[in-house]
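K.L.:
Need coordinates for the below:
(one chain, ligands or ions: 2)
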Amino acid sequence: MNEELVLPESPLNLKEAGESEVLPRSFENSPPLIPHVIVDFLPIKIGENMCFGCHDPEAAADVGATPVPKSHMYDIRNDKQIEGLAGANFNCTQCHVVQADAPTIVGNSFKADFRNDKSRISSNLLETLNEGVE
Ligand code: HEC
Ligand code: HEC
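P.N.:
Ligands and ions are numbered 1, 2, ... in the order given. Now for the predicted structure:
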């Protein structure tokens, strides 16, 4: 709440897709940070989604990108399998942000729990979403 506060610089990672280094997930099934520069891929428009162009499961292997997870190709609200990218997941940068060297301004003691090593570097939200509910 301090208008005098000057935020420290938080330089963004400017590596190109393919030269990038992915970071472990912040917590299980958190949206991974984008490890590459994205200026050339924005804005995301209804008729042009360059992110999905590379991260589409049908194209990802060819460009060496991780395909979007199953949760992004599923209509979670209506519990329905769909073809292609779910509308709710179209606007990638709503949830995924570019890696930045950002100092922690407010102290934080949060420690993430991971149930196994795989979940530190990949996600499976669609399989675990209803855990404890059903
Ligand atoms: C030219 C192809 C290309 C485009 C376009 C592209 N990416 Fe990537 N992306 C890659 C590659 C290659 C990697 C590194 C390998 C990987 O997926 O971990 C990567 C990595 C990522 C990761 C990290 C995955 C992980 O497991 O940690 C995220 C998140 C991501 N991209 C999101 C985006 C978003 C959002 C956009 C659009 C703003 C975008 N990408 C556009 C190729 C691309
Ligand atoms: C509503 C928030 C949201 C949006 C929008 C979104 N994502 Fe995600 N993304 C997530 C979350 C949360 C995860 C991790 C949990 C999961 O879904 O499996 C994830 C995981 C990923 C992963 C890692 C997959 C893996 O197997 O580890 C990639 C790559 C990715 N997203 C790319 C994208 C791209 C590209 C777009 C746009 C086409 C996008 N995401 C849109 C929230 C989002």
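K.L.:
Would you tell me which residues of this protein are close to ligand 2?
P.N.:
29, 31-32, 49, 51-52, 55, 66, 68-69, 71-72, 85, 88-89, 91-92, 94-96, 122-125 (C-beta under 6 Å from any ligand atom). Where you see a C-beta, it was placed from the backbone N, CA and C, and this is true even at glycine.
K.L.:
which secondary structure elements does the lengthiest helix in the chain contact?
P.N.:
Under DSSP state H, the helix in the chain containing the largest number of residues is helix 50-55. For helix 50-55, there is no helix or strand it packs on, judged by 3 or more C-beta pairs under 8 Å, 6 or more residues apart in numbering; DSSP states H and E.
K.L.:
For it, buried residues please.
P.N.:
Under the neighbour-count criterion of 16 or more other C-beta atoms under 10 Å, helix 50-55 has 51, 52, 54, 55 buried.
K.L.:
now what about that helix, what contacts it?
P.N.:
Under the contact criterion C-beta atoms under 8 Å, 6 or more residues apart in numbering, helix 50-55 has outside partners 17, 38, 40-41, 44, 59-60, 63, 65-68, 85, 90, 92-93.
K.L.:
Give me the average confidence score over that helix.
P.N.:
Mean pLDDT, computed over helix 50-55, is 97.
K.L.:
now stretch 82-96
P.N.:
Mean predicted confidence for stretch 82-96 is 95.
K.L.:
so what's residue 6 scoring on pLDDT?
P.N.:
85.
K.L.:
How about residue 22?
P.N.:
On the pLDDT scale, residue 22 gets 93.
K.L.:
so which helix or strand takes in it?
P.N.:
In the assignment (DSSP states H and E), residue 22 maps to no helix and no strand.
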